[in-house]
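> Fold the stuff below for me.
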Amino acid sequence: MRVDCADIFLVEDDDDDLYLFKKAVENAQLSCTIKRFTNGYELLEYLSLISQYEDVSWPKVILLDLNMPGFDGRETLKVIFDEPKYRHLPTIIYTTSTNHQDIIDCYKNGAKSYIVKSTSIEELTMCVKNLTNYWFETVTLL
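Model (predicted):
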């Protein structure tokens, strides 16, 4: 397995949502890099791999979809929050779910933000600009 890191780890099983997100990054004229995982298991396997190397940088943020086949975002978030070597990673829920209990559970399990996906490319572009401005420019990350 090749070890290459990115600014954003996007855990997303839907190709259309991936396309829209990449298009929004392009429209926002951002130079951030995106590494995609199709489920939580793939992400956790990769985090385990990169944690073995001292000179590999961690992602600036993880965008985690909740509803995926197999190891979903809820399970993945819990593992990240429960694992001390991953807990520092800003994990942001990026989902279509507006379910109040999902929001409560995600924050209880360590989510740093909860974003409901937009189907409007204009709204998504603004969301991506705000997200990257905050996490890449405003806060201090490890």
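
> only C-alpha atoms for contact and neighbour calcs from this point on.
Noted.

> mind showing which ranges of this structure have poor pLDDT?
Scanning the chain for pLDDT under 70 picks out 1-5.

> Output the contacting helices and strands for the helix or strand hosting Arg36.
Assigned by DSSP states H and E, Arg36 belongs to strand 34-37. On a contact count with 3 or more CA pairs under 8 Å, 6 or more residues apart in numbering; DSSP states H and E, strand 34-37 meets strand 8-11.

> can I assume Phe136 sits in a strand?
No. Under DSSP: H, G, I helix; E, B strand; the rest coil, Phe136 falls outside any strand and is assigned helix.

> related to what we said a few turns ago, what lines up beside the strand holding Arg36 in the sheet?
Using DSSP bridges, the strands paired with strand 34-37 are strand 8-11 (parallel).

> from the chain's centre, how far out does the next helix or strand after the strand it pairs with sit?
Later in the chain than strand 8-11, the nearest helix or strand by DSSP H and E is helix 15-27. Its chain's C-alpha centre and that of helix 15-27 lie 14 Å apart, by CA atoms, centre = their mean, to the nearest Å.

> which of the residues in helix 15-27 are buried?
For helix 15-27, burial by neighbour count (16 or more other CA atoms under 10 Å) applies to Leu18, Leu20, Phe21, Lys22, Ala24, Val25, Asn27.

> for stretch 64-72, same thing?
Counting neighbours by 16+ other CA under 10 Å, one finds that the buried residues in stretch 64-72 are Leu64, Asp65, Leu66, Asn67, Met68, Phe71, Asp72.

> Cheers, nothing more for now.
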